[in-house]
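[1] can't give you the sequence, but here's the structure:
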């Protein structure tokens, strides 16, 4: 420590201060022969951290006095960060690990095994995943069958339970149940007042030979607690990503839409607004345009009411909204939900044509991406709706606007980092993207000394991480509160 080290320790002991992250890590890694080392209780449990990412499981269990004895992560950049943050070696591809020789004995196996094979945002290929990520669960089983740790603690997307009509989770549950009594729950951080909506499936198990989970229960939680995004915001943060002028232009265009709607005393739809349907007349109720003959498309109007003309069917399809150009995933018709949205948007246009026609050129300008020509308002009724005191997120489904209560889930796609439009930055700009430190707070990872060095890479990692506080609350019930042996 520096020459101020003694003072830092004394302030911490008296409750009048706390060392910064780097100093905290240094203190916690003092050699065992330090005079005060005997006063520190030995870790209760040893755990391994598979598919470790940024180390969410590590942070949670370390805070409970547990000790990590092995970690594995596929991505080199995250391994380097893990080693820097936790002061221990992090192995690479779990498929290349010798389970018997390389993994030591442990009490808890933790793992947020890859969710992409089961996620609604992915291809949902499950165990047949083309990158073989779905089969990594079998690697978990190999470790459990050889080492037989007392506890297993896994995390995945909620869609895991319903994937393949429930068959995927049935297989997982049956395999785990050969050794463990298993329970699962779907929990989001916002259930505990942490301002992020991020439902995840948590699976826990305890060896049947050690009594199983007879006294275990997941933490009690409310599904609609009060949350406030301001509790994680850091207005003074200078490490932020600015809003591009074109992004501000898109936001202003949709605010003008809301202003005109309010002035004309119109009702803001509860369904997503697909502006490309305004003025469109192409057929959509029966066979999808992809399967229609040229003569059925000819003479109709496509996106924004443009005449469908050209020298080929390809020309015709290019004049339709992008979501109507392709082949439906199944069958020859659009799904019912898509038909309904098209129908609702066309009726909304007919009911509000007078003022929409005066506005429509705003979002037909060059630089407007297709997804930015869609709009989702998730804020309920407001007499004079505004986007500038709400959380904004640009998604494939459109520009989504929601109340400043909790953040949408952090996702792997870096283009979906939430926008905080009302914050004034230290440089005087109004509005910016969420910062790395704020993303860390949403995942309760403030204790990390280092994050990925760009905002894009950091949010990709946060989007793949477990929430530390949720894991810790479950772990307390699993390891201590419901376990008389370990109290």
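    All right, it came through fine. Everything numeric here is computed off the predicted structure, so don't read it as measured data.
[2] And the helices in this structure, which stretches?
    All helices of the chain, identified by DSSP state H, fall at 5-13, 21-28, 56-62, 76-86, 99-102, 136-147, 167-176, 245-263, 294-297, 313-318, 336-359, 436-442, 455-462, 468-476.
[3] Which strands and helices lie in contact with the third one?
    Spelled out, it's helix 56-62. Judged by 3 or more Cβ pairs under 8 Å, 6 or more residues apart in numbering; DSSP states H and E, helix 56-62 is in contact with strand 46-50, strand 67-71, strand 108-111, helix 468-476. The way it works is simple: take the backbone N, C-alpha and C, and place the C-beta from them, glycine included.
[4] Determine which of those approaches residue 380 most closely.
    Residue 380 lies closest to helix 468-476 among these, at 27.2 Å (Cβ to Cβ).
[5] And that closest one, how far out from the chain middle?
    How far helix 468-476 lies from its chain's middle: 18 Å, per Cα atoms, centre = their mean, to the nearest Å.
[6] about what we covered before: highest mean neighbour count out of the helices of the chain?
    Compared across these, helix 56-62 shows the largest average neighbour count, a mean of 26 (mean count of other Cβ atoms under 10 Å).
[7] sorry, back to before: tell me, which of the helices of the chain is the model least confident about?
    In terms of average pLDDT, helix 21-28 trails the rest of the helices of the chain, at a mean of 60.
[8] picking that back up, so which of the helices and strands packed on helix 56-62 comes closest to residue 214?
    Minimum separation from residue 214 across the helices and strands packed on helix 56-62 (Cβ to Cβ) falls at helix 468-476, 16.7 Å.
[9] how much space is there between the residue lying closest to residue 469 once chain neighbours are set aside and residue 366?
    The spatially closest residue to residue 469, leaving aside those adjacent along the chain, is residue 444, at 4.1 Å (Cβ to Cβ, 6 or more residues apart in numbering). Here the criterion is Cβ to Cβ, to the nearest Å. By it, residue 444 lies 42 Å from residue 366.
[10] do residue 75 as well
    Distance from residue 75 to residue 366, by Cβ to Cβ: 37 Å.
[11] Show the low-confidence segments of the stretch 351-487 of the chain, by residue range.
    Within the stretch 351-487 of the chain, the stretches with pLDDT under 70 are 412-414, 481-487.
[12] for it, what spans make up the strands?
    Assigned by DSSP state E, counting those that start in this stretch, the strands in the stretch 351-487 of the chain fall at 374-378, 391-395, 398-402, 419-424, 430-433.
[13] As CSV, the ones you listed with distance to residue 65 and mean neighbour count would be great.
    Shown next, in CSV, are the strands of the stretch 351-487 of the chain (distance: least, Cβ to Cβ, whole Å; neighbours: other Cβ atoms under 10 Å):
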stretch, distance to residue 65, mean neighbour count
strand 374-378, 41, 21
strand 391-395, 36, 21
strand 398-402, 38, 22
strand 419-424, 36, 19
strand 430-433, 37, 18
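[14] Which one of the ones you listed lies nearest to residue 243?
    Nearest to residue 243, of all the strands of the stretch 351-487 of the chain, is strand 430-433, at 5.4 Å by Cβ to Cβ.
[15] which residues sit against the closest one?
    Applying Cβ atoms under 8 Å, 6 or more residues apart in numbering, the external contacts of strand 430-433 come out as 240-243, 248, 388, 417-425, 455.
[16] Max pairwise distance over those: which two?
    Spanning the widest gap among the contacts of strand 430-433 are 388 and 455, at 21.8 Å by Cβ to Cβ.
[17] returning to that earlier point: distance to residue 323 added to the helices and strands packed on helix 56-62, as a markdown table?
    Listed next are those as a markdown table, based on distance: least, Cβ to Cβ, whole Å:
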| stretch | distance to residue 323 |
| --- | --- |
| strand 46-50 | 39 |
| strand 67-71 | 43 |
| strand 108-111 | 37 |
| helix 468-476 | 35 |
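[18] Quick one, which of those gets closest to residue 384.
    Set against residue 384 and scored by Cβ to Cβ, those come closest in helix 468-476, at 36.7 Å.
[19] For that closest one, report the contacting residues that lie outside it.
    Residues outside helix 468-476 that contact it (Cβ under 8 Å, 6+ apart): 56-57, 59-61, 63-64, 153, 155, 187-189, 192, 194, 200, 202, 204, 218-219, 443-445.
[20] Next, the angle from that helix to strand 46-50.
    Comparing the axes of helix 468-476 and strand 46-50 via axes from the mean of the first three to the mean of the last three Cα atoms, to 10 degrees yields an angle of 140 degrees.
[21] Can you get me the start-to-end distance on stretch 463-480?
    End-to-end distance of stretch 463-480: 29 Å, with Cα to Cα, to the nearest Å as the criterion.
[22] Return the distance of that stretch from the chain's centre.
    Using Cα atoms, centre = their mean, the offset of stretch 463-480 from its chain centre is 16 Å.
[23] could we number from 878 for the rest of this?
    Yep, numbering from 878; the last one is stretch 1340-1357 now.
[24] quick revisit: with neighbour numbers in mind, choose between residue 1321 and residue 1243.
    Shown here are residue 1321 and residue 1243; by other Cβ atoms under 10 Å, residue 1321 has more neighbours (24 against 5).
[25] which regions of the stretch 978-1127 of the chain sit below the pLDDT cut-off?
    Low-confidence segments of the stretch 978-1127 of the chain, defined by pLDDT under 70: 992-1011.
[26] show me where it has strands.
    Taking DSSP E, counting those that start in this stretch as the criterion, the stretch 978-1127 of the chain carries its strands at 985-988, 1028-1033, 1057-1064, 1077-1084.
[27] dump the residue contacts of the residue nearest to residue 1016 when sequence neighbours are not counted.
    Spatially, and ignoring its direct neighbours in sequence, residue 1016 is nearest to residue 971 (5.3 Å; Cβ to Cβ, 6+ apart). When contacts are counted by Cβ under 8 Å, 6+ apart, residue 971 touches 927-928, 949, 951, 1013, 1016.
[28] these two touch, right, residue 961 and residue 1327?
    Yes - contact criterion Cβ atoms under 8 Å: residue 961 and residue 1327 qualify, at 5.4 Å.
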